[in-house]
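S.K.: structural data only, the sequence is not supplied:
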């Protein structure tokens, strides 16, 4: 892609809602820290990619 070309992306309504929620939180940050369930949803499970760190 060249620097003068425009790009676009098609996102779902759900993704757009999450984007708007993130923008709202950034603009009105009160310093609150969210739990894993609040941030990613109740049924989120992180993927195990098999990475094993060399240190603890």
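M.R.: Looks like it arrived, so ask away. Just so it is clear, the model here is predicted, and its values are computed rather than measured.
S.K.: where does the prediction get shaky in this protein?
M.R.: The chain contains residues with pLDDT under 70 at 1-3, 56.
S.K.: how close does residue 51 sit to residue 44?
M.R.: Distance, residue 51 to residue 44, by C-beta to C-beta, to the nearest Å: 19 Å. In this view, the C-beta of every residue, glycine as well, is placed from N, C-alpha and C.
S.K.: before we move on, what about residue 50?
M.R.: The value you get for residue 50 to residue 44, if C-beta to C-beta is used, is 19 Å.
S.K.: more neighbours: which of the two?
M.R.: Taking neighbours as other C-beta atoms under 10 Å, residue 50 and residue 44 compare with residue 44 leading, 9 against 5.
S.K.: quick check: closest non-adjacent residue to the more buried one.
M.R.: residue 36 (7.0 Å; C-beta to C-beta, 6 or more residues apart in numbering).
S.K.: am I right that the one you found is in contact with residue 43?
M.R.: No - applying C-beta atoms under 8 Å, one finds residue 36 not in contact with residue 43, separated by 11.2 Å.
S.K.: residues that sit against both of these two, list them.
M.R.: Common neighbours of residue 36 and residue 43, using C-beta atoms under 8 Å, 6 or more residues apart in numbering, do not exist here.
S.K.: based on its surroundings, how many neighbours for residue 35?
M.R.: 7.
S.K.: I misspoke; the intended subject was residue 18.
M.R.: 12.
S.K.: state the phi and psi torsions of it.
M.R.: phi -70, psi -40 (degrees, to the nearest 10).
S.K.: any idea how far it lies from residue 26?
M.R.: 13 Å.
S.K.: sorry, back to before: what about the residue nearest to residue 44, how many neighbours?
M.R.: 11.
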